[in-house]
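Chemist: Got a sequence here, can you build the structure:
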Amino acid sequence: MVEGLGARIQSCQEASPMPDRNIRSRRNAPGSKFPRELTAGWSKPSSKFVGEMVWGIQASQDGKRSEIARSRQEEIPRIQTADRLSRNRSAEGREEHRAERLAERGSRGVERNTVLGLDRSEVRKEYAPKRESLDPGWEGSAGEVPAGYWLCSVTAAAVEGSEVPPLPQELVAARGEGLVSANAAIVAAVDGVRRFAPGRGIWTVDRGGDRKKLREPLLEKKPRCGIRSRGQRAVIHRRQPLTVRRRSARCRWRYPARMVGSEDGPEKRYELR
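Modeler: Numbering: from 1, shown residues only. Below is the predicted model of the structure:
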């Protein structure tokens, strides 16, 4: 995703021991193409901050501010580095520009048959109950309702190849004054990609995407898409309401596939149609 950066960081990690001056010289090297494109038109301090964060996250393999500051190894107390990162992170007026630039750049890699996975996950904050705007949300994998934030992300996957273009990913706080709903954030993410990749890509949405507040905006422009349904949702077929499960049972399945998978046991073969 970040061109030219991974090799520099890998060499930084593999060479041991490494003098601090080498880390500092790599840390202060010109930013990669990706941060430069993302921050085009920003002030120099703001652009430099993004480069520092990208380098620090990859060098530390961590997203915590303290670990990013540690990886910088600057000639000042680490707390001062962390405070500087916090001040730059809280600067206003950049989020809208960042999302637009990310959608514009990432959409270049979206072709006609690129799969665009739209996912609404959650970030648990069960050990930080005093954080602002926490919203309880259902976590299906654990069968729990922990407090946290919604994560709205679009992931592109090419039919051939392994490249994953960077596309919008946003942490959504659905509670508090002036905050948007998770549904509105999802629709905004889709519109952002559609703007720069009109008519390209195949949208896929997991369960929950078949609810009315998402389904209608997603289908409004008649994209190619697949939405996983819960089965008990009702659809109209020849003027008669039927559940999705009953309607699908009447379809002719023309595309078979075979899969091999295992889950805490021996491998099993599955026939899908």
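
Chemist: show me where pLDDT drops low in the stretch 51-200 of the chain?
Modeler: Applying pLDDT under 70 to the stretch 51-200 of the chain flags the ranges 90-96, 136-146, 174-180.

Chemist: ok, which stretches of it are helices?
Modeler: In the stretch 51-200 of the chain, helices defined by DSSP state H, counting those that start in this stretch lie at 65-72, 78-89, 95-106, 182-196, listed in chain order.

Chemist: List the buried residues of the third one.
Modeler: Of the residues in helix 95-106, 98-99, 101-106 count as buried by neighbour count, 16 or more other C-beta atoms under 10 Å. Bear in mind the C-beta positions are built from the backbone N, C-alpha and C, glycine included.

Chemist: what are the phi and psi angles of the residue nearest to Glu271 when sequence neighbours are not counted?
Modeler: Here the nearest residue to Glu271 in space, its sequence neighbours aside, is Arg258; by C-beta to C-beta, 6 or more residues apart in numbering that works out to 6.1 Å. According to degrees, to the nearest 10, the main-chain angles of Arg258 amount to phi -120, psi 140.

Chemist: so what's Arg258 up against?
Modeler: Taking C-beta atoms under 8 Å, 6 or more residues apart in numbering, we find Arg258 in contact with 269-272.

Chemist: Excluding covalently adjacent residues, which one is nearest to Pro165?
Modeler: Taking C-beta to C-beta, 6+ apart, and ignoring the residues beside it in sequence, Pro165 has Gly109 as its nearest neighbour in space, at 3.4 Å.

Chemist: Kindly apply the preceding question to Leu151 instead.
Modeler: With C-beta to C-beta, 6+ apart as the measure, Ser121 is the residue that lies nearest to Leu151, at 4.5 Å, once sequence neighbours are left out.

Chemist: So the one you found sits against Ser153, correct?
Modeler: Yes - the pair Ser121 and Ser153 qualifies as a contact (C-beta atoms under 8 Å) at a distance of 7.1 Å.

Chemist: Can you get me a residue count around the residue nearest to Leu151?
Modeler: The number of residues packed near Ser121 is 15, by other C-beta atoms under 10 Å.

Chemist: hmm, back to that, which residues touch the residue nearest to Pro165?
Modeler: Neighbouring residues of Gly109 by C-beta under 8 Å, 6+ apart: 156, 158, 163, 165.

Chemist: can you redo the residues you listed as CSV with distance to Arg215 and neighbour count?
Modeler: Below are the contacts of Gly109 laid out as CSV (distance: C-beta to C-beta, whole Å; neighbours: other C-beta atoms under 10 Å):
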residue, distance to Arg215, neighbour count
Ala156, 22, 22
Ala158, 26, 15
Glu163, 30, 11
Pro165, 26, 21
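
Chemist: Same list (the residues you listed) but as CSV, adding distance to Arg254.
Modeler: As requested, the contacts of Gly109 are arranged in CSV below (distance: C-beta to C-beta, whole Å):
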residue, distance to Arg254
Ala156, 27
Ala158, 24
Glu163, 30
Pro165, 31
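
Chemist: Among those, find me the one that's closest to Lys33.
Modeler: If you rank the contacts of Gly109 by distance to Lys33 using C-beta to C-beta, Pro165 comes first, at 13.7 Å.

Chemist: Can you name the residues that contact Val190?
Modeler: 118, 154, 203, 217-218.

Chemist: ditto for Glu111
Modeler: Taking C-beta under 8 Å, 6+ apart as the contact definition, Glu111 lies against 158, 200-201.

Chemist: other SSEs contacting the helix or strand hosting Arg36?
Modeler: With secondary structure defined by DSSP states H and E, Arg36 is part of helix 33-38. Where contact means 3 or more C-beta pairs under 8 Å, 6 or more residues apart in numbering; DSSP states H and E, helix 33-38 is packed against helix 44-60, helix 95-106.
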